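Visitor: Sequence and predicted structure are below.
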Amino acid sequence: MPRPKTKDELLQLAQTNFDKLYELVNSYSKEEQQKDFPKGTMNRNIRDVLAHLHHWHLMMLDWYKVGMKGEKPDIPAKGYTWKTVPDLNREIWKMYTSTDLADIKKKLKASYKKVYQLIDAHSNDELFEKKRYSWTGSTSLGAYLVSATSSHYDWAMKLIRKCKK
């Protein structure tokens, strides 16, 4: 499916890709889910990938909370720019290295539910009208949410498949 351009498309693709991600993860045995990927990737295993997604959900929810109060959120995060996202991702990776996979799965499901509810609470225009909210700049709230959900889950599935060959 192409990049969502409506609320219904976004809700559908976010749910579909999230479900596919969990199906993929659960298609591996418990032991295989715990195994490290081959060297050369920052996210060393499935837990790291799911923790990454979870943390980006949390950041999206924070941007929204701050932005909707009329303030300017630190996007992508305080002290980081889009050019330094690899450094931010390394910090995210470090935050979750001692968290077990089962806990990360629960956290990811909970943060996904919050992001999904956020999408569902908005009209199509509120989501996809560009420049509607000052904090989203020249783009739309929906563009941020596509990146935080369906597109990000697609990235995660591709990485897991590549590393599990």
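Guide: Great, that's in hand.
Visitor: List the buried residues of the helix or strand harbouring Leu11.
Guide: Secondary structure from DSSP states H and E places Leu11 in helix 7-26. For helix 7-26, burial by neighbour count (16 or more other C-beta atoms under 10 Å) applies to 7, 9-11, 13-15, 17-18, 21-22, 24-25. Every C-beta, even on glycine, is put in place using the N, C-alpha and C of the backbone.
Visitor: any idea how far that helix is from the chain center?
Guide: 12 Å (C-alpha atoms, centre = their mean, to the nearest Å).
Visitor: low-scoring stretches of the chain, by residue?
Guide: Applying pLDDT under 70 to the chain flags residues 1.
Visitor: Could you name the helices and strands sitting against the top helix by length along it?
Guide: Taking DSSP state H as the criterion, the chain has its longest helix at helix 46-68. Counting contacts by 3 or more C-beta pairs under 8 Å, 6 or more residues apart in numbering; DSSP states H and E, helix 46-68 packs against helix 30-34, helix 85-95, helix 101-120, helix 141-148, helix 150-163.
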